[in-house]
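Chemist: Next input, structure requested:
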Amino acid sequence: MKKLFCLFSLVLFTTSIASAQDEGNIVKRDRIQRDNGIFIGFGPSFTLGKNIGDYSTGFNFETGYLKRLNRILSIGPSISYLSFKYDPAKTSAEDADDLYVGIADNLNTWHERYDQFGLPPDYQWDYGFLLNLKGGDISLISLALNLKLNLIPIKDNTKFSVYAFAKPFVASANRKEVTGTGERYVYEAYEDDVDGLYYDTNDNTWYPDGYVDDWGPNAFPALKEETTVTGGIFIGPGVELIPTKTISIFAQASFGYTFPISMVSTKSYDFTVEDYLKEEFPMVKEGFPSVNIQFGASFNF
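Modeler: Prediction:
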């Protein structure tokens, strides 16, 4: 995917140079009356692809300045904000039928309280954890270089324009700290009121046994809030109404790729207690692709 974005950006940039050369001296004498613009835009954002962390929808906001170099190419800086909230519904273990499971015996330190009942060394049972998390929101504040290519040359009386753009950027990416619980379950068992032992009930059911893991930065350093400097690129098409008047409006869609950032991604791990107990679980550092829809307006002068 990164190669695709880089290739598209290179083609867009090369095309813009070639188009500017084709205009030649005629364009230099035929400048647009309002060739400066300050714009603002916002809209929804969506993750792109499979297993892009435990996130789904987000929000984007951008403001910036564009200078028309000629009737085809505009360039300028912008600053943007992109955020994605952690989505509990996308966490892998959502209920007792979808646990991080394993086999326990009475020698396991997680089950030392069963030693008092004199269970044999080979006594085993299936158990698992139901994970419930909160926090983990991702936000990016980006500084971008905008390269905008009008597919049809702009004139002072142009009412409608179609364009393509590329926005390479550097960003500060922040992932909020994660907290939550891991509730332990035992398979096909119930607790006897007399001696507290668990017995096989043969009813194909998971039962909570009362043990709960507290998840948070103090117990698991990987869950701490993290801020990193990263980068990436946005590319895409757009349409603009009345681009040469004082006020114009636009709508555009961008396909973005952000270089690896820290995020919650339970689906990057297996449904095993071994993965559940890993120090880095459920965090990963991977590239973050997204689709961003944006609506906005430009003040041209």
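Chemist: pretty sure Ile247 is in contact with Phe301, am I right?
Modeler: No. The criterion here is CB atoms under 8 Å, and Ile247 misses it with Phe301 at 10.4 Å. C-beta coordinates here come from the backbone N, C-alpha and C atoms, glycine included.
Chemist: Quick check: bridge partners of the nearest residue to Leu223 once chain neighbours are set aside?
Modeler: With CB to CB, 6 or more residues apart in numbering as the criterion, Leu223 has its nearest non-adjacent residue at 4.2 Å, and that residue is Val178. Counting by DSSP bridges, Val178 forms beta bridges with Gly135.
Chemist: Next: Glu62.
Modeler: Under DSSP bridges, the beta-bridge partners of Glu62 are Gly41, Ser80.
Chemist: Quick check: the gap between it and Tyr81.
Modeler: 8 Å (CB to CB, to the nearest Å).
Chemist: And these two? Which one has more around it.
Modeler: Glu62 (23 against 15; other CB atoms under 10 Å).
Chemist: tell me the contacts of the more buried one?
Modeler: Residues near Glu62 by CB atoms under 8 Å, 6 or more residues apart in numbering: 39-42, 78-81, 294, 296.
Chemist: just Gly58 next, same as before
Modeler: 44-47, 82-85, 138, 290.
Chemist: what two of these are the furthest from one another?
Modeler: Greatest spacing in these, by CB to CB: Pro44 and Ile138 (15.0 Å).
Chemist: re earlier: count of neighbours near the residue nearest to Leu223?
Modeler: Applying other CB under 10 Å, I find that Val178 has 23 neighbouring residues.
Chemist: and the gap between it and Ser265?
Modeler: To Ser265, Val178 is 11 Å away according to CB to CB.
Chemist: Between those two, which contacts overlap?
Modeler: 282-283.
Chemist: Output the below-cut-off pLDDT ranges for the chain.
Modeler: 1-31, 92-97, 104-125, 189-202 (pLDDT under 70).
Chemist: go with 80
Modeler: 1-32, 51, 92-98, 103-126, 187-204, 209 (pLDDT under 80).
Chemist: hmm, back to that, more neighbours, Pro44 and Ile138?
Modeler: Ile138 (22 against 13).
Chemist: neighbours of the nearest residue to the more buried one once chain neighbours are set aside, just the number please.
Modeler: Using CB to CB, 6+ apart and skipping the chain neighbours, the partner closest in space to Ile138 is Phe84 (4.6 Å). As a burial measure, Phe84 scores 26 neighbours (other CB under 10 Å).
Chemist: which residues touch Phe84?
Modeler: Counting by CB under 8 Å, 6+ apart, Phe84 has contacts 45, 47, 53, 55-58, 137-139, 290.
Chemist: Out of the residues you listed, name the ones that lie in strands.
Modeler: Mapping the contacts of Phe84 onto strands (DSSP state E) picks out 45, 47, 55-58, 138-139, 290.
Chemist: Which of the contacts of Gly58 ranks first by neighbour count?
Modeler: Result: Phe84 is most packed of these (other CB under 10 Å), 26 neighbours.
Chemist: circling back: now render the contacts of Phe84 as CSV, adding distance to Leu241.
Modeler: What follows is those, written out as CSV (distance: CB to CB, whole Å):
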residue, distance to Leu241
Ser45, 23
Thr47, 30
Gly53, 36
Tyr55, 33
Ser56, 31
Thr57, 27
Gly58, 26
Asp137, 34
Ile138, 33
Ser139, 31
Ser290, 26
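Chemist: Cheers, nothing more for now.
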